[in-house]
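Undergrad: pasting a predicted model and its sequence here:
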Amino acid sequence: MSSIAIGLRENKAVRLWDSTNGKKAVMAVSGFILFLFVLGHMLGNLQVFEGPAQFNRYAQLLRTLPEGLWAVRIILLIMVVLHIVAAVQLALRKRTARPIGYAKRKPIGSTYASRTMYWSGPIIFAFIVYHLLDLTSGNLNPNFIEGDVYHNVIASFSNPFVSAWYIFAMVLLAFHLRHGLWSMFNSLGLTHPRYTPALRRAATFFAVVIFLGFISVPIGVLTGIVK
């Protein structure tokens with residue numbers, strides 16, 4: 001294959017990334033991949049209700065394939081970086097287009113979820129860092145026991161402040177997902193007046209399901225269902 005053809009493809013990719021629509025498409029694709037991970041992670045977390053043996057077996061299974069685990073981690077890291085960079089650049093581009101804000105801003109046709117996207121994202125990212133230090137490395141969990149994931153979850157969520165922080169982060173995640181999933185369809189040109197309402201309802205449905213699935217774990221610990 002000639003270097004000219006390769007150069008043309010590279011230039012096309014650069015032009016796509018430089019365009020506003022290209023950045024939105026990158027956010028949509030990376031966001032969808034992250035959504036699939038979140039959904040799978042929630043389903044894995046729900047196994048805590050099956051008892052310590054099953055939950056620890058699930059956690060151990062993830063560690064039996066270190067190459068696959070690291071491949072997933074690297075892909076997720078790339079998606080997170082692309083998602084954040086595209087979001088920041090779009091926000092800066094929007095601010096540059098209108099350097100002077102509205103004297104009195106009244107939201108029209110926007111939802112609370114869409115208006116909180118830019119600040120809910122950093123808070124969710126901060127929560128992810130805390131969550132990893134708490135339940136993965138154990139640096140922030142004084143009762144951490146290596147390999148006993150079930151115990152570590154209970155030790156962490158038995159603290160009402162930790163559970164409250166977790167639930168608050170899941171509220172933001174639900175808002176973020178609700179608007180993000182809808183924006184994904186819009187950015188990829190998959191909207192149509194006939195099924196747009198159904199897509200909005202689907203985005204809301206998945207956001208609510210993921211929210212309830214995640215918060216059921218700390219609530220289960222605090223109420224003694226998981227013990």
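TA: Sure thing, it's come through. Numbering: from 1, shown residues only.
Undergrad: helices or strands next to the helix or strand where residue 68 lies in the packing?
TA: Assigning secondary structure by DSSP states H and E places residue 68 in helix 66-97. Using 3 or more Cβ pairs under 8 Å, 6 or more residues apart in numbering; DSSP states H and E as the contact test, the elements touching helix 66-97 are helix 20-45, helix 117-131. (Glycine included, C-beta is placed from N, CA and C.)
Undergrad: switch to 7 Å and redo it
TA: On a contact count with 3 or more Cβ pairs under 7 Å, 6 or more residues apart in numbering; DSSP states H and E, helix 66-97 meets helix 20-45.
Undergrad: next SSE downstream of the helix it packs on?
TA: helix 52-63.
Undergrad: that next one to helix 20-45, inter-axis angle?
TA: For helix 52-63 against helix 20-45, the angle by axes from the mean of the first three to the mean of the last three Cα atoms, to 10 degrees is 140 degrees.
Undergrad: contacts for helix 52-63?
TA: 44, 47, 48, 69, 148, 149, 150 (Cβ atoms under 7 Å, 6 or more residues apart in numbering).
Undergrad: roughly how far is it from the heart of the chain?
TA: In this view, helix 52-63 has its centroid 23 Å away from the chain centroid, taken as Cα atoms, centre = their mean, to the nearest Å.
Undergrad: residue 20 and residue 53, how far apart?
TA: 51 Å (Cβ to Cβ, to the nearest Å).
Undergrad: those two: which is more packed in?
TA: Ranked by neighbour count (other Cβ atoms under 10 Å), residue 20 and residue 53 place residue 20 first, with 12 against 9.
Undergrad: and the more buried one, what does it touch?
TA: 90, 93.
Undergrad: try residue 23
TA: Residue 23 neighbours (Cβ under 7 Å, 6+ apart): 17, 86, 89, 90.
Undergrad: let's see 6 Å
TA: Contacts here follow Cβ atoms under 6 Å, 6 or more residues apart in numbering; on that basis residue 23 touches 86, 89, 90.
Undergrad: give the buried subset of those as a PyMOL selection command.
TA: Restricted to buried positions by 16 or more other Cβ atoms under 10 Å, the PyMOL selection for these reads:
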select buried, resi 86+89+90
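Undergrad: report the lowest-confidence entry in the contacts of residue 23.
TA: Within the set of the contacts of residue 23, pLDDT is lowest for residue 90 (83).
Undergrad: just the pLDDT for the spatially closest residue to that residue that is not a sequence neighbour.
TA: Leaving out its chain neighbours, the residue that sits closest to residue 90 by Cβ to Cβ, 6 or more residues apart in numbering is residue 23, at 5.3 Å. On the pLDDT scale, residue 23 is placed at 84.
Undergrad: do residue 51 as well
TA: 92.
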